[in-house]
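# Structure for this input, please:
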Amino acid sequence: MGNDPTGRDDPSVHVIIVERSRGSGVVFALVALALILAIGFFYLTNDRRDDRQAEAVTGAAQSVDDAAKMVGDAAKDAADKLRNDN
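Numbers count the residues shown, from 1 in each chain. This next block holds a predicted model:
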């Protein structure tokens, strides 16, 4: 009989059953989807940001071109005025 006061010779066996949560797969899928959407949004807005920067540089260059044309026209008018006065 051994040292067991219950009268059993074999040691008691405890079985631990771990059940997987049913919602963990859904949560993982939602997190993965949110991550994919966030990365896509970043790349889409980054392209737009680059386009806006390019448009700003083009606009600035156009302004410089317009200003140079105005200075050139003013210089031409001043030169024509000096020729006509002499």
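# The helix or strand harbouring residue 67 - what's its average pLDDT?
Assigned by DSSP states H and E, residue 67 falls within helix 24-85. Taken as a whole, helix 24-85 has a mean pLDDT of 84.
# Centre of the chain to that helix, how far?
Distance, stretch centre to chain centre, for helix 24-85: 19 Å (CA atoms, centre = their mean, to the nearest Å).
# and the gap between residue 27 and residue 53?
For residue 27, the distance to residue 53 equals 39 Å [CB to CB, to the nearest Å]. Bear in mind the C-beta positions are built from the backbone N, C-alpha and C, glycine included.
# likewise residue 41?
Taking CB to CB as the measure, residue 41 falls 19 Å from residue 53.
# Which positions within stretch 61-80 qualify as buried?
By neighbour count with 16 or more other CB atoms under 10 Å, stretch 61-80 contains no buried residues.
# hey, C-alpha coordinates of that stretch in PDB?
Taking C-alpha atoms only, stretch 61-80 is exported to PDB below (Å, rounded to 0.1, in the frame of the first residue of the first chain):
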ATOM      1  CA  ALA A  61      11.100  78.900 -60.300                       C
ATOM      2  CA  GLN A  62       8.100  80.300 -62.200                       C
ATOM      3  CA  SER A  63       8.000  83.300 -59.900                       C
ATOM      4  CA  VAL A  64      11.700  83.900 -60.400                       C
ATOM      5  CA  ASP A  65      11.300  83.600 -64.100                       C
ATOM      6  CA  ASP A  66       8.400  86.100 -64.000                       C
ATOM      7  CA  ALA A  67      10.400  88.500 -61.900                       C
ATOM      8  CA  ALA A  68      13.400  88.300 -64.300                       C
ATOM      9  CA  LYS A  69      11.100  89.100 -67.200                       C
ATOM     10  CA  MET A  70       9.700  92.100 -65.400                       C
ATOM     11  CA  VAL A  71      13.200  93.400 -64.600                       C
ATOM     12  CA  GLY A  72      14.300  92.800 -68.200                       C
ATOM     13  CA  ASP A  73      11.200  94.700 -69.500                       C
ATOM     14  CA  ALA A  74      11.900  97.500 -67.100                       C
ATOM     15  CA  ALA A  75      15.500  97.800 -68.200                       C
ATOM     16  CA  LYS A  76      14.500  97.700 -71.800                       C
ATOM     17  CA  ASP A  77      11.900 100.500 -71.200                       C
ATOM     18  CA  ALA A  78      14.500 102.600 -69.400                       C
ATOM     19  CA  ALA A  79      17.000 102.100 -72.200                       C
ATOM     20  CA  ASP A  80      14.400 103.000 -74.800                       C
END
